[in-house]
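*Asks:* Sequence and predicted model, in that order:
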Amino acid sequence: MPRQYYKALLGWALLAVASAACAQDTPSVTRTSRILSHFDLGISGTALFTKTETGTVNESALGAPYSVTQSVSTSAGALVTIRGQKSAWKGFEFNYGYGRATQSYTCCNNSTTTGVFQGPFLPQATVNEYTIGYLARPERAFFGFKPYLSVGAGSTEFKPTKNGGQGLQPQARATYYYSVGGESYLLGDLLGLRVGLRQLFYQAPDFGQNYLTIHKNTFTTEPQVGLYLHF
């Protein structure tokens, strides 16, 4: 048999062995890649604007009912988000948000002889958000950005700082949120830009102190800009 036939047979044999080896590795690799392709990790910078609330303290050792105005300093924060998407209308996200702000409690300016706390009382606290929600990403793009919408719930922890927390104890509040925005790829389908607006709804913190309890719901508005990595 001519030598070229032996070479051809050898080549086909090597190709068959290589194909068999690839066939053994490909399913697991493909399965892992397919699962990861549904996920992305985003990191954004945020600004925190919290609505001022005024309410009445009805139960306190400091005296008769009195009014307290609670405001929060505007601050910057960070948001880390993990998203999973099966289809345009079937997705979820987990959010961890971090910020630091000064809570301001100002009373009714009653006479100090009444024993009523006047303020302003200015404890500093870090704010840690832990939420999970439903995510939708319609496929149609507008001006180069694909929109998204998410709604969900979780918890926000208000943790007084060591030196500026006025000796108060941490407190967690049930939190509900929604988020809208747009995404655009910057580097193929690997890296993208995310811009959006979020609002978180919860009861104003009182750190477990009855002289600060006004039983008012408030909300924080968070514009966000950041990047996300698509697996």
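*Replies:* In hand now; what should we look at? Residues are numbered from 1 along each chain as shown.

*Asks:* Residue 35 in helix, strand or coil?
*Replies:* Classification of residue 35 using DSSP: H, G, I helix; E, B strand; the rest coil returns helix.

*Asks:* what about it, how many neighbours?
*Replies:* 11 (other CB atoms under 10 Å). In this view, the C-beta of every residue, glycine as well, is placed from N, C-alpha and C.

*Asks:* From the centroid of this protein, which residue is nearest?
*Replies:* residue 95 (3.2 Å; CA atoms, centre = their mean).

*Asks:* The closest residue to that residue other than its chain neighbours: helix or strand, and which one exactly?
*Replies:* Nearest residue to residue 95, sequence neighbours excluded (CB to CB, 6 or more residues apart in numbering): residue 131, at 4.7 Å. Residue 131 belongs to strand 124-136 when assigned by DSSP states H and E.

*Asks:* average pLDDT for that strand?
*Replies:* In this model, strand 124-136 has a mean pLDDT of 98.

*Asks:* buried ones in that strand?
*Replies:* 124-129, 131, 133, 135 (16 or more other CB atoms under 10 Å).

*Asks:* so what strands line up beside the next helix-or-strand element following that strand?
*Replies:* Downstream of strand 124-136, the first helix or strand assigned by DSSP H and E is strand 146-160. When sheet partners are counted by DSSP bridges, strand 146-160 sits next to strand 124-136 (antiparallel), strand 171-187 (antiparallel).

*Asks:* distance between strand 146-160 and the chain's centre?
*Replies:* Distance of strand 146-160 from the chain centroid (CA atoms, centre = their mean, to the nearest Å) equals 5 Å.

*Asks:* got it, and stretch 31-45?
*Replies:* With CA atoms, centre = their mean, you get 16 Å for stretch 31-45.

*Asks:* Can you give me the buried ones in stretch 203-221?
*Replies:* 203-207, 209, 211-214, 216, 218-220.

*Asks:* quick check, nearest of those to residue 47?
*Replies:* residue 220 (10.0 Å; CB to CB).

*Asks:* If we ignore the residues flanking it in sequence, what's nearest residue 40?
*Replies:* Using CB to CB, 6+ apart, the nearest residue to residue 40 is residue 230, at 4.4 Å.

*Asks:* tally of neighbours for the one you found?
*Replies:* Residue 230: 20 neighbours (other CB under 10 Å).

*Asks:* from what I can see it touches residue 191, true?
*Replies:* Yes. Contact status for residue 230 versus residue 191: in contact at 7.3 Å, counting by CB atoms under 8 Å.

*Asks:* Quickly list what's touching both of these two.
*Replies:* The contact sets of residue 230 and residue 191 do not overlap (CB atoms under 8 Å, 6 or more residues apart in numbering).

*Asks:* The protein: strands as residue ranges?
*Replies:* Taking DSSP state E to define them, one finds strands in the chain at 39-50, 53-57, 66-72, 75-87, 90-107, 124-136, 146-160, 171-187, 191-203, 217-230.
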